[in-house]
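>>> Below is the sequence, then the predicted model.
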Protein chains: 2
Amino acid sequence: MSDLAAALEVVGARWALRIVERLLDAPQRYGDVQRDLGVPTNMLATWLRELEEAGVLVRLPLRHNTRAYTLTERGLALREAIEALAKWGAAGE
Amino acid sequence: MSDLAAALEVVGARWALRIVERLLDAPQRYGDVQRDLGVPTNMLATWLRELEEAGVLVRLPLRHNTRAYTLTERGLALREAIEALAKWGAAGE
DNA sequence: CTGCATCCGGAATGATACTG
DNA sequence: CAGTATCATTCCGGATGCAG
C-alpha cells in the first residue's frame, strides 16, 4: 500500500482531518468540537475513538466528568498536511 | 465553511487524492489508473468526472477511443498536500 | 479491447432520542 | 457533559453489460 493510502486509512474519513484541525492549537472538549464543527455526535464519538487508537490523540480526564482531547506528536505532525489542504481550498474560491 | 472543509468537498472522497497522486508526474489513461490503483471502475468514472468539473484535471482525447487524463494547474497545486500526507503516512509504519 | 453506465447489496454517515 | 442505541439515508464497490 502506498504511503498516501496508509495516511488516508487513518485520516481519510469525512470528519477525521476536521477534528484534528480543531485540536491543532489547543485541546478541546467533546462538546466544543461538536458544536464548532457541526459533526453528528455519534460520528464524533466514533472518530475520536479511531484517532485515539491510531495514536493521533489522547483523552485526558478533567474534573466533573469531562475530558480534554489532545493531539499527540503524531497528531501534531498532521499540521503540514492540513495547512496545505486548507491553503488549496482557500485558493479555490 | 472553513478552507479545509472546502478542500475536502472536492478531494475528500475515498479515491480523489489517490487519483490525483497517480497523475502528478504524467498524464495517464483510464485503464492505467484503474489497474495501478485498484480502484473500482465505476468509482473511477465518477471521480474523474467530479474532478474534471472541479477543474482539477482535463480529459485530452487520444487516438483509438482513449483519453489522457491530465492535471490542471489547480490539480498540480495539490502536490504539496499530497506529499505532506504521504510523508505522514510513511512515518506511521 | 478500452471506457464507461447500471443494478444492487453492504458499508459508511447522519438525525435523533436516550443514558450514566 | 459525554457519550450510546436505533433507525433512515447516502455512499461505495463488485458484477455485469454495452458502445465506440
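That came through, no problem. Remember, it's a predicted structure, so these values are computed and weren't measured experimentally.
>>> Surely A:Q34 is in contact with A:A45?
No. When contacts are counted by C-beta atoms under 8 Å, A:Q34 is not listed as touching A:A45 (9.5 Å). Placement of C-beta: from N, CA and C, glycine included.
>>> Show me which of these two is the more surrounded one.
Neighbour comparison, A:Q34 and A:A45: the larger count goes to A:Q34, with 18 against 13 (by other C-beta atoms under 10 Å in any protein chain shown).
>>> what secondary structure does that one sit in?
helix (DSSP: H, G, I helix; E, B strand; the rest coil).
>>> interface residues of chain A facing DNA strand C?
Residues of chain A lying near DNA strand C by C-beta under 7 Å from any atom of the strand: A:13-15, A:39-43, A:65.
>>> Write a PyMOL command that selects only the buried members of these.
Only the buried entries of the residues of chain A next to DNA strand C go into this PyMOL selection, using 16 or more other C-beta atoms under 10 Å in any protein chain shown:
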select buried, chain A and resi 13+15+39+43
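>>> Can you read off the pLDDT for A:P61?
Per-residue confidence (pLDDT) for A:P61: 93.
>>> Just give me the neighbour total for it.
Look at A:P61: counted by other C-beta under 10 Å, it has 9 neighbours.
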